[in-house]
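Colleague: can't give you the sequence, but here's the structure:
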């Protein structure tokens, strides 16, 4: 079993939709949870960072951590075509990355 | 622009050869990380240097080595290259030693193709 599992997608949604991206992880000791966004031919950029359980909101983005289920989510409200990218979760101090979910938002 | 510079952008070489990838971190960042990204494996952590010293090691092959120089730039050396080494290699930098208190800033990668 991989330490971090992420559905590769692709996920295709219309503009304005609410997007839900998810990862599961196996090690209950993990405390740090991050979401990175990667545009084509670019390096990943940090979107959201959370510590332990709970929610964190930043504009249209909400990160959610459920440590009891070892499940993390990233919600994107009012999705835009500019949100089209690959979203990677990264977990733990050593940043174990998921394989990424490719998201396409069409006008 | 993340401020992290990686050269070259593309590299095409033959099996058995040796290549060097270069990374200049953001101004002020002391940590440099190297990652390998392939389609089936995702982003795999290779190695971290902090202020010239090796700090952490991930899934780095013995054929690969890295170093961080006094001016804080870093090089990743890949030798005896195999077809399976074809991937995107990313460098990232951060201020501190731990990813929980100093986010990583990634360069745009070097795409290595081994033929």
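Modeller: Looks like it arrived, so ask away. If you're wondering where the values come from, they're calculated on a predicted model, not measured in any experiment.

Colleague: List, one by one, the residues from chain B near chain A.
Modeller: Proximity of chain B to chain A, by Cβ under 8 Å from any Cβ of the partner chain, involves residues B:2, B:4, B:35, B:40-45, B:56, B:58, B:90, B:92, B:98-100, B:103-109. Backbone N, C-alpha and C define where each C-beta goes, glycine included.

Colleague: Please pick the buried ones from these.
Modeller: B:2, B:4, B:35, B:42-45, B:56, B:58, B:90, B:92, B:99, B:104-109 (16 or more other Cβ atoms under 10 Å in any protein chain shown).

Colleague: Now go through these and say which are in strands.
Modeller: Judged by DSSP state E, those include B:35, B:42-45, B:56, B:90, B:92, B:105-106 as members of strands.

Colleague: Flag the least confident of those.
Modeller: Among these, residue B:42 carries the lowest pLDDT, at 83.

Colleague: beta partners for that one?
Modeller: Assessed by DSSP bridges, residue B:42 has beta-bridge partners residue B:38.

Colleague: I'd say it and residue A:95 touch.
Modeller: No. Counting by Cβ atoms under 8 Å, residue B:42 sits too far from residue A:95 to count as a contact (11.5 Å).

Colleague: Contact partners for residue A:107?
Modeller: A:14-15, A:81 (Cβ atoms under 8 Å, 6 or more residues apart in numbering or on different chains).

Colleague: Which of the residues you listed has the largest number of neighbours?
Modeller: Each of those was scored by neighbours using other Cβ atoms under 10 Å in any protein chain shown; the highest score is residue A:15's, at 13 neighbours.

Colleague: Would you state the strands of chain A in chain order?
Modeller: A:4-6, A:11-14, A:19-25, A:32-38, A:45-51, A:54-58, A:61-66, A:71-76, A:85-91, A:96-97, A:101-106.

Colleague: So for residue B:67, which of these sits nearest?
Modeller: Closest approach to residue B:67 among the strands of chain A is made by strand A:96-97 (23.9 Å; Cβ to Cβ).

Colleague: Which residue does chain B have closest to chain A?
Modeller: residue B:106 (3.2 Å; Cβ to the nearest Cβ).

Colleague: Hmm, that residue is touching residue B:5, no?
Modeller: No. Between residue B:106 and residue B:5 there is no contact under Cβ under 8 Å: 11.3 Å.

Colleague: Skip the chain neighbours and tell me the closest residue to the closest residue to chain B within chain A.
Modeller: Using Cβ to the nearest Cβ, the closest approach of chain A to chain B is made by residue A:43 at 3.2 Å. Distances taken as Cβ to Cβ, 6 or more residues apart in numbering or on different chains place residue B:106 nearest to residue A:43, at 3.2 Å, with adjacent residues excluded.

Colleague: any idea how far residue B:82 is from the one you found?
Modeller: 25 Å (Cβ to Cβ, to the nearest Å).

Colleague: which ones are touching residue B:32?
Modeller: B:23, B:25, B:48-49, B:68, B:72, B:74, B:91-93.

Colleague: that older thread, and the residue nearest to residue A:43, what does it touch?
Modeller: By Cβ under 8 Å, 6+ apart, the neighbours of residue B:106 are A:43-45, B:2, B:4, B:35, B:90-92.

Colleague: From the residues you listed, pick the one nearest residue A:3.
Modeller: Nearest to residue A:3 among the contacts of residue B:106, with distances taken as Cβ to Cβ, is residue B:35, at 15.4 Å.
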